[in-house]
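Participant: predicted model and sequence follow; I will ask about them next.
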Amino acid sequence: MPFKTASEAKPIGAVVVDEYNAEFNREPITIVAGSGVLKTGHVLGMITASGKYEPSPATGSSGSQVASAILVDPVDATSTDQVAMAIVNGPAIVDPSELTYATSVNNDSLKAAKLVQLKAVNIKSKKGA
């Protein structure tokens, strides 16, 4: 699976293969300042102490190292917190080849681990139709 950078734009329809109900699966979340420019399909994790989200890194101890959401709206959280829509629970199926990751998630093994983590919130992966 080729590595995608956060700067590649894509519609949410390229990311989501199937979704139970957008009103049920999606919620507005806060992306923490310093996260940078994020595009649709970015894999996010929640910072336990604040409840805010950031790109889910390969390792860490803030809580965000556990992937738990997929960004729906592109956002620029370079210098300030930003509110954006995200898929935070399923049932939903996403195309793993359309997801983007934190820069530390830089190989197929680490990406596979993020997909396993997303299953815990009932966001599953399947190559698009």
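Facilitator: In hand now; what should we look at? Numbers count the residues shown, from 1 in each chain.
Participant: report the longest helix in this protein, please.
Facilitator: In the chain, assigned by DSSP state H, the helix with the most residues is helix 108-119.
Participant: most centrally placed residue in this protein?
Facilitator: Nearest residue to the geometric centre of the chain (CA atoms, centre = their mean): Val43, 2.0 Å.
Participant: that one bridge partners, please.
Facilitator: Val43 has these beta-bridge partners by DSSP bridges: Ile70.
Participant: so it touches Val66, yeah?
Facilitator: No: using CB atoms under 8 Å, Val43 makes no contact with Val66, being 10.6 Å away. Glycine gets a C-beta too; all of them are placed from N, C-alpha and C.
Participant: tally up the residues packed near Ile87, please.
Facilitator: A count of nearby residues for Ile87, using other CB atoms under 10 Å, gives 27.
Participant: same deal with Gly45?
Facilitator: For Gly45, using other CB under 10 Å, the count is 22.
Participant: shared neighbours, Val43 and Val66?
Facilitator: Residues touching both Val43 and Val66 (CB atoms under 8 Å, 6 or more residues apart in numbering): Ser56.
Participant: and Lys39, how far from Ile70?
Facilitator: Going from Lys39 to Ile70 by CB to CB, to the nearest Å gives 11 Å.
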